[in-house]
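> give me a model of this one.
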Amino acid sequence: MANSKLDTKDLEHVIASLQHIIKHEDTRTEIAADQELRNRLAEACRHTMLRLERPWDSIRRYNYAVHDVAIAKTGHSMGLWAALVAESPNSVHGSQLAEKTGVELGLLMRLLRYATAQSMVEQTDVQSFRAIEATRTLSMPMMNSAFTVATEILIPSALSMDAYFKSTDFKEPADRGHTLFHQAFNTDQHCFEWLSAKPGLGQDFFNLMKVRRQGLKDWLDGFPVEKYLDVKDTTERMQFVDVGGGNGQQALAVLKRHPEIAGRVVVQETPTLGALEQLKSDPQGLIPMATDFFQPNPLKGAKAYYMRNIMHDWPDKECRVILGHLRDVLEDDSVILVDDLVVDDMEMHWHPSATDMTMMTLLAAKERSLTEWDALIESAGLERRENVAYDAYGLNIQVLGRKA
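From the prediction side, this is the model:
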């Protein structure tokens, strides 16, 4: 067996390399250009930190984690992050920040010291700080929505976990009418219905949903959609159907790459969301169609039916209904393109694991491993013809067809 022991020189070299990365933004930018390398390095560092924790380190991390969100949200609302970014790449003295934000200097320094310890900002002198990558992220306008959703929806729902599972004898949630969300907010309304009755909070939630894939690889850059279309077909056959496609963003992206199929790209959505009315006023080559994917699909024989982030919103029982209605309208050369996470059965990345907890908490839904996808696809009378991973975080396009 090879000797797994690292000597002090090895460790000192690792530490020096990491300190170089910490101090040099150009190095971090170079690493970030390679998403797979960046992810491997970040995960290795994160797991190393956690494995090196002593018991009291772990206790403090769990007890004090709430301060991360609290200070990130407070710094955003007081304009602290924006003030630092405005002067970037220069450092800003605490007294200048106090003047810009109207926050008392003593309080500001305490917040900034914590922010420095959490790599939200960089401290350059006793009372001077400057923006780094995290500061720029924290200053983004959409972060206000992210913080609001975290503090007013996700955290209260997640903290009901212990009581919820005790009340269900520790059964996996499968009823969208009885979730951790329902327990936390003492409501019988579905999460989305509850949000729609709270305009401000609901808008924050849906704003966040619109940008949740920001910075991730575009599926059209990693998946050969033209392989499953017939762009030379001159008949009236529909080529691409975006099922539950909202305002048609993905359908428009396909049409931009393949303008020759204009007039044969369909966006199916429930009329209650209002997205179809917007599309009707400016179709841009798309055909809006009011549908409910829990009812038989009215469009038979299209070349490709695409679903983005639909399956992970629903438990298996409902997913079988959705897939079954699509199966029933497929021709032999038709396919269903499922754009969703496929999580690893082993060594799961923290991002899909956290998303899975969120889906369980709010919707009694789940992110699925390949094994779980296999069981669901088989139970819906379909077969997987291809699976293409197009992002290092686990985003995949699964190509499904009727069983041969």
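
> might you report the residue contacts of residue 159?
Residue 159 is in contact with residue 184, counting by CB atoms under 8 Å, 6 or more residues apart in numbering. Where you see a C-beta, it was placed from the backbone N, CA and C, and this is true even at glycine.

> okay, now the domains of this protein?
9-138, 143-210, 219-347+364-402 (automatic domain parsing).

> residue 98 sits in which helix or strand?
helix 94-101 (DSSP states H and E).

> buried ones in that helix?
94, 97-98, 100 (16 or more other CB atoms under 10 Å).

> and the least confident helix or strand in the chain by mean pLDDT, what does it pack against?
Lowest on mean pLDDT, DSSP states H and E among the helices and strands of the chain sits helix 275-281, with a mean of 74. Helix 275-281 sits against strand 265-269, strand 286-290, with contacts defined as 3 or more CB pairs under 8 Å, 6 or more residues apart in numbering; DSSP states H and E.

> then the first one to PDB, C-alphas only?
It stands for strand 265-269. In PDB, the C-alpha atoms belonging to strand 265-269 read as follows (Å, rounded to 0.1, in the frame of the first residue of the first chain):
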ATOM      1  CA  VAL A 265     -41.800  26.200 -32.000                       C
ATOM      2  CA  VAL A 266     -44.500  26.000 -29.300                       C
ATOM      3  CA  VAL A 267     -44.600  27.200 -25.800                       C
ATOM      4  CA  GLN A 268     -47.100  25.400 -23.600                       C
ATOM      5  CA  GLU A 269     -48.000  27.000 -20.300                       C
END
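
> ok, that strand: who's next to it in the sheet?
The pairing partners recorded for strand 265-269 under DSSP bridges are strand 240-243 (parallel), strand 286-290 (parallel).

> give me the pLDDT for the residue most central in space within the chain.
The residue lying closest to the centre of the chain (CA atoms, centre = their mean) is residue 212, at 4.3 Å. Looking at residue 212, its pLDDT reads 70.

> wait, a helix at it?
No: counting by DSSP: H, G, I helix; E, B strand; the rest coil, residue 212 is not part of a helix but coil.

> about what we covered before: show me what the helix holding residue 98 is in contact with.
Identification of contacts with helix 94-101 by CB under 8 Å, 6+ apart yields 78-80, 83-84, 103-105, 108-109, 112, 127-129.

> which SSE is immediately downstream of it?
Once the chain leaves helix 94-101, the next helix or strand it forms, by DSSP H and E, is helix 105-117.

> now the least confident helix or strand of the chain: how far from the chain's centre is it?
26 Å (CA atoms, centre = their mean, to the nearest Å).

> cool, and stretch 14-33?
Centroid separation for stretch 14-33 versus its chain: 26 Å, with CA atoms, centre = their mean.

> buried stuff in it?
residue 28.

> what's the mean pLDDT across it?
Here the average pLDDT along stretch 14-33 is 93.

> can you list contacts of it?
By CB under 8 Å, 6+ apart, stretch 14-33 touches 37-38, 41, 45, 132-133.

> farthest pair within those?
37 and 132 (19.8 Å; CB to CB).

> for residue 361, grab phi and psi.
Main-chain torsions, residue 361, degrees, to the nearest 10: phi -70, psi -40.

> pretty sure it contacts residue 183?
No: taking CB atoms under 8 Å as the definition, residue 361 is not a contact partner of residue 183, at 9.7 Å.

> with neighbour numbers in mind, choose between these two.
Taking neighbours as other CB atoms under 10 Å, residue 361 and residue 183 compare with residue 361 leading, 25 against 19.

> tell me the contacts of that one?
The contact partners of residue 361, taken as CB under 8 Å, 6+ apart, are 154, 157-158, 161, 179-181.

> which parts of stretch 340-349 are buried?
340-343, 349.

> just checking, residue 287 touches residue 268?
No: contact between residue 287 and residue 268 fails when scored by CB under 8 Å: they sit 9.4 Å apart.

> more neighbours: those two, which one.
Looking at residue 287 and residue 268 with other CB under 10 Å, you find the greater number of neighbours at residue 268, namely 24 against 19.

> quickly note the distance from that one to residue 401.
As judged by CB to CB, to the nearest Å, residue 268 and residue 401 stand 19 Å apart.

> could you look up the SS state of residue 45?
helix.

> residue 200 belongs to a helix, doesn't it?
Yes: counting by three-state DSSP, residue 200 is found in a helix.

> quickly compare the strands paired with strand 265-269 and say which is most buried.
The highest mean neighbour count among the strands paired with strand 265-269, using mean count of other CB atoms under 10 Å, belongs to strand 240-243: a mean of 26.

> what's in contact with that one?
225, 229, 248, 250-251, 254-255, 261, 264-268, 291, 293, 297, 299, 302-308, 310, 326.

> can you do 7 Å?
The contact list for strand 240-243 (CB atoms under 7 Å, 6 or more residues apart in numbering) reads 229, 248, 250-251, 254, 261, 265-268, 293, 299, 302-307, 310.

> and these, which are buried?
229, 248, 250-251, 254, 261, 265-268, 293, 299, 302-307, 310.

> wait, residue 251 sits on residue 264?
No: at 10.8 Å, residue 251 does not count as touching residue 264 under the criterion of CB atoms under 7 Å.

> name the helix or strand for residue 89, please.
Counting by DSSP H and E, residue 89 is part of no helix or strand.

> can you tell me the SS state at the residue nearest to it when sequence neighbours are not counted?
Distances taken as CB to CB, 6 or more residues apart in numbering place residue 130 nearest to residue 89, at 6.6 Å, with adjacent residues excluded. With three-state DSSP as the basis, the three-state label of residue 130 is strand.

> what's the neighbour count on residue 130?
Residue 130: 18 surrounding residues under other CB under 10 Å.

> sorry, back to before: contacting residues for the residue nearest to the centre of the chain?
No contacts exist for residue 212 under CB under 7 Å, 6+ apart.

> so how far is residue 174 from it?
Distance from residue 212 to residue 174, by CB to CB: 24 Å.
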